[in-house]
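Colleague: using only what follows, build the 3D model:
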Amino acid sequence: MFLKLGTIAFGGPAAHIAMMEEEFVRRGSGAAKRVVAASIALMAVVTWQLGRAALVDRMTLVLFVVSIVALLRFRVNSAGLIVAAGVLG
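Modeller: Numbers count the residues shown, from 1 in each chain. So this is what the prediction gives:
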């Protein structure tokens, strides 16, 4: 299953979650549905915790806000923001 996903799957996390759901849940049992739901919830919690831990000081928070504004307002490439944050940091 994971070899198939790695070789033929295109798209972001939403596409991969949909493909895994198709493979595990629809072809699996009710227990598989609960495992997939718990896994997605765990990923959401871990992402939230890592995001909160990354914003540790005022400069980091300012860089975060400026990056979000630049991404949404000016459609700046995210790679450019990473390079700019590395130079400033």
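Colleague: contacts, neighbours, all on C-alpha from now
Modeller: Noted.
Colleague: can you list the domains in the chain?
Modeller: 1-54, 56-89 (automatic domain parsing).
Colleague: least confident of these, on average?
Modeller: Mean pLDDT is lowest for domain 1-54 out of the domains of the chain, coming in at a mean of 75.
Colleague: if we can go back for a sec, could I get the domains of the chain in TSV, plus columns for mean neighbour count?
Modeller: Converted to TSV, those look like this (neighbours: other C-alpha atoms under 10 Å):
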stretch	mean neighbour count
domain 1-54	12
domain 56-89	12
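Colleague: any figure for the gap between the closest residue to Val76 other than its chain neighbours and Val46?
Modeller: Distances taken as C-alpha to C-alpha, 6 or more residues apart in numbering place Ala70 nearest to Val76, at 5.9 Å, with adjacent residues excluded. Note on Ala70: its distance to Val46, by C-alpha to C-alpha, to the nearest Å, is 26 Å.
Colleague: re the thing from before, which strand or helix spans the residue nearest to Val76?
Modeller: helix 58-74 (DSSP states H and E).
Colleague: just after that helix, pick out the following helix or strand.
Modeller: Counting by DSSP H and E, what follows helix 58-74 is helix 78-88.
Colleague: give me the helices and strands touching that next one, please.
Modeller: Packed against helix 78-88, as judged by 3 or more C-alpha pairs under 8 Å, 6 or more residues apart in numbering; DSSP states H and E, are the following elements: helix 58-74.
Colleague: so the helix it packs on versus helix 78-88, what angle?
Modeller: 150 degrees (axes from the mean of the first three to the mean of the last three C-alpha atoms, to 10 degrees).
Colleague: how far off centre is helix 58-74?
Modeller: Remark: helix 58-74 is offset 18 Å from the chain centroid, using C-alpha atoms, centre = their mean, to the nearest Å.
Colleague: packing partners of it?
Modeller: Applying 3+ C-alpha pairs under 8 Å, 6+ apart, one finds that helix 58-74 contacts helix 78-88.
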